[in-house]
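Participant: fold the following for me, if possible:
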Amino acid sequence: MLVEMRQLAVNQYSCVDIQSVSEGENEVTISCWNSLDDIKAWKQDERHQLAQRLGKDKWYKSYQVQVVEILREYDGQDLQDL
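Facilitator: Now for the predicted structure:
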């Protein structure tokens, strides 16, 4: 389901990037989008809604969604600019 949702988000809803990291029972997934409209369209997708229900009912004890805006991005080369 995870692979299908990643492909769907990228191919049909203009998701720019998706990255996940797991540690023990915890998982963090970050997805980057071009616009709030793209996120809203993704949220309304029937297959995505099914995956959310399955996640809530079967796979996860709990989950949290945060929509955030990146104000600045840098790598190790830019640390002196802080």
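Participant: counting neighbours, what do you get for the closest residue to Trp33 other than its chain neighbours?
Facilitator: With sequence-adjacent residues excluded and distances taken as Cβ to Cβ, 6 or more residues apart in numbering, Trp33 is closest to Ile39, at 5.1 Å. Backbone N, C-alpha and C define where each C-beta goes, glycine included. Here the number of neighbours of Ile39 (other Cβ atoms under 10 Å) works out to 17.
Participant: could you point out the longest helix in the chain?
Facilitator: Longest helix in the chain by number of residues (criterion: DSSP state H): helix 2-13.
Participant: got the contact list for that helix?
Facilitator: Surrounding helix 2-13, the residues in contact under the criterion Cβ atoms under 8 Å, 6 or more residues apart in numbering are 15, 18, 20, 31, 33, 38, 41-42, 45, 47-48, 51.
Participant: which SSE is immediately downstream of it?
Facilitator: Next in sequence after helix 2-13, counting helices and strands by DSSP states H and E, comes strand 15-23.
Participant: now do the phi/psi pair for the residue nearest to the spatial centre of the chain.
Facilitator: Geometric centre of the chain, nearest residue: Ser31, 3.2 Å, by Cα atoms, centre = their mean. Dihedral angles of Ser31 (phi, psi; degrees, to the nearest 10) stand at phi -120, psi 140.
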